[in-house]
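Visitor: Need a 3D model of the sequence below.
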Amino acid sequence: MNPYVLTVLLSSLGLGTTLTFASSHWLLAWMGLEINTLAIIPLMAQQHHPRAVEATTKYFLTQATPAAMILFAATTNAWVTGEWGISDMSHPVASSMTIAALALKIGLAPMHFWLPEVLQGLDLVTGLVLSTWQKLAPLALIIQVAPTVNPVMLTLLGLLSTLVGGWGGLNQTQVRKILGYSSIAHMGWMIIISQYAPHLTLLALGMYVFMTSAAFLSLKMTSTTNIAAMTMMWSKAPVLVSTTALALLSLGGLPPLTGFMPKWLILQEMAKQQLPLTATVMALAALLSLYFYLRLCYAMTLTISPNTTNAMTPWRARTTQSTITLALFMTTALGLLPITPAIMSLVT
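Guide: Alright, predicted model coming up:
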């Protein structure tokens, strides 16, 4: 892609998200979401492959639907209450419709069907942008609207997302689809706590971005897209595979890695809110996700590809890709748990 075009598209991505963050009016927030969507579409279709174009089309149609729903909900709220402010979404029908639209936008269950399919058709770097950056603006709106929504709706969305994210990833062989279901499960953890402790939603989002970035960049470094290819990763880069396995376990929430921190704090807050049964179901759903992360780790580290030694010799070649970003994300994805008190003092 032409570097000038790429610069414009990436700048538009940043502009759309920033506009949504900074706006207090529904029309401006909607405009930011639309700029965001339109900026990523050329990035998704840049490979000119039928699968990429199909994923782009699915994404565009899926994102157009919640955009129309948000505009309709904001107009309905303004009609009934006379207010266009995001914090003034007081009408229950309008606020519920907004949450449903934003849930579709970020891929919460039961509106999750598009996410794994779209991710599967994308390049790993574009998939990383879709899994991380594209979730920021809708989540910012969800946090602002959550206090006005029926708590049962948010709890059901969160529970269903963690369960679907765990069950859906069990029988997948494509790593991008597995990371798509992982995204659905993590979004469920963020949504369920947004009504009680929004700062924990932000903390979980930050940790999710670090861990997912480390996983995607590791797969990009080794050009791995499915479990069969994972069996050959050890021969290419043993040290990278070791850290990638730890990053995947961190995504699963295994102590003493970073991913344990948000799950631990969210479960603790839910216990404080007198929701022990919900917290128990969430913890059990995390075990489902942990199973398919362990499956990936097993394929990477404990299996050997059926190739001769001679074929393995030239694989350990020096990469031309930059490793600084990967090293930073990997470090944060693995080692932030000991400084949990310091992080909590920053976000509260």
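Visitor: From the chain's centroid, how far away is the strand or helix carrying Phe21?
Guide: Per DSSP states H and E: Phe21 is located in helix 3-22. Chain-centre distance of helix 3-22: 19 Å, with Cα atoms, centre = their mean, to the nearest Å.
Visitor: which residue ranges form the helices in the stretch 201-348 of the chain?
Guide: Listed in chain order, the helices of the stretch 201-348 of the chain (DSSP state H, counting those that start in this stretch) span 227-230, 233-236, 238-252, 260-272, 276-301, 309-312, 324-335, 340-347.
Visitor: Sorry, slip of the keys, the one I care about is the stretch 1-150 of the chain.
Guide: Assigned by DSSP H, counting those that start in this stretch, the stretch 1-150 of the chain shows helices spanning 3-22, 26-44, 50-81, 92-106, 114-120, 124-131, 133-145.
Visitor: hey, C-alpha coordinates of the fifth one in CSV?
Guide: In this case it means helix 114-120. Output of helix 114-120 as CSV, limited to C-alpha atoms (Å, rounded to 0.1, in the frame of the first residue of the first chain):
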residue,chain,number,x,y,z
TRP,A,114,-19.2,-12.2,12.6
LEU,A,115,-16.0,-11.8,14.6
PRO,A,116,-14.2,-15.1,14.2
GLU,A,117,-15.1,-15.3,10.5
VAL,A,118,-13.9,-11.7,9.8
LEU,A,119,-10.6,-12.3,11.8
GLN,A,120,-10.0,-15.5,9.8
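Visitor: roughly how far apart are Ser161 and Leu71?
Guide: Remark: distance between Ser161 and Leu71 (Cβ to Cβ, to the nearest Å) = 25 Å. Every C-beta, even on glycine, is put in place using the N, C-alpha and C of the backbone.
Visitor: on that earlier part again, need the least confident one among the helices of the stretch 201-348 of the chain, by mean pLDDT.
Guide: Comparing mean pLDDT across the helices of the stretch 201-348 of the chain, the weakest is helix 309-312, with a mean of 48.
Visitor: picking that back up, the more surrounded of Ser161 and Leu71?
Guide: A count of neighbours by other Cβ atoms under 10 Å puts Ser161 above the other of Ser161 and Leu71, at 30 against 16.
Visitor: Just give the nearest non-adjacent residue to the more buried one, would you?
Guide: In space, not counting the residues next to it along the chain, Ser161 is nearest to Gly188; the distance is 2.9 Å by Cβ to Cβ, 6 or more residues apart in numbering.
Visitor: what number of residues lie near that neighbour?
Guide: Using other Cβ under 10 Å, Gly188 is surrounded by 25 other residues.
Visitor: isn't Thr37 right next to Leu61, touching?
Guide: No: using Cβ atoms under 8 Å, Thr37 is not in contact with Leu61; the gap is 11.0 Å.
Visitor: picking that back up, so the residue nearest to Ser161 is in which element?
Guide: helix 175-193.
Visitor: Report the mean per-residue pLDDT for that helix.
Guide: Averaging pLDDT along helix 175-193 yields 96.
Visitor: okay, Thr37 and Leu61: which has more neighbours?
Guide: Thr37 (21 against 10).
Visitor: burial measure for the closest residue to Gly165 other than its chain neighbours, as a count.
Guide: Among residues not flanking Gly165 along the chain, Ala185 sits closest, at 2.6 Å (Cβ to Cβ, 6+ apart). When neighbours are defined as other Cβ under 10 Å, Ala185 has 28 of them.
Visitor: before we move on, the earlier item: among the helices of the stretch 1-150 of the chain, which is nearest Gly165?
Guide: helix 114-120 (9.8 Å; Cβ to Cβ).
Visitor: Quick one: list the elements packing against that closest one.
Guide: Judged by 3 or more Cβ pairs under 8 Å, 6 or more residues apart in numbering; DSSP states H and E, helix 114-120 is in contact with helix 50-81, helix 124-131, helix 175-193.
Visitor: Point out the most buried one among those.
Guide: Highest mean neighbour count among the helices and strands packed on helix 114-120 (mean count of other Cβ atoms under 10 Å): helix 175-193, with a mean of 26.
Visitor: tilt between that helix and helix 260-272?
Guide: Helix 175-193 and helix 260-272 meet at an angle of 30 degrees, taking axes from the mean of the first three to the mean of the last three Cα atoms, to 10 degrees as the criterion.
Visitor: got the CA coordinates for helix 175-193 in CSV?
Guide: Output in CSV follows, covering the C-alpha atoms of helix 175-193 (Å, rounded to 0.1, in the frame of the first residue of the first chain):
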residue,chain,number,x,y,z
VAL,A,175,-5.3,-19.6,15.5
ARG,A,176,-7.0,-16.4,14.3
LYS,A,177,-10.5,-17.9,15.0
ILE,A,178,-9.2,-19.0,18.4
LEU,A,179,-8.0,-15.5,19.2
GLY,A,180,-11.4,-14.2,18.0
TYR,A,181,-13.2,-16.4,20.5
SER,A,182,-10.7,-15.3,23.1
SER,A,183,-11.6,-11.7,22.4
ILE,A,184,-15.3,-12.5,22.9
ALA,A,185,-14.6,-14.1,26.3
HIS,A,186,-12.4,-11.2,27.4
MET,A,187,-15.1,-8.7,26.3
GLY,A,188,-17.5,-10.6,28.5
TRP,A,189,-15.3,-10.0,31.6
MET,A,190,-15.1,-6.3,30.8
ILE,A,191,-18.8,-5.9,30.3
ILE,A,192,-20.0,-7.7,33.4
ILE,A,193,-18.0,-5.5,35.7
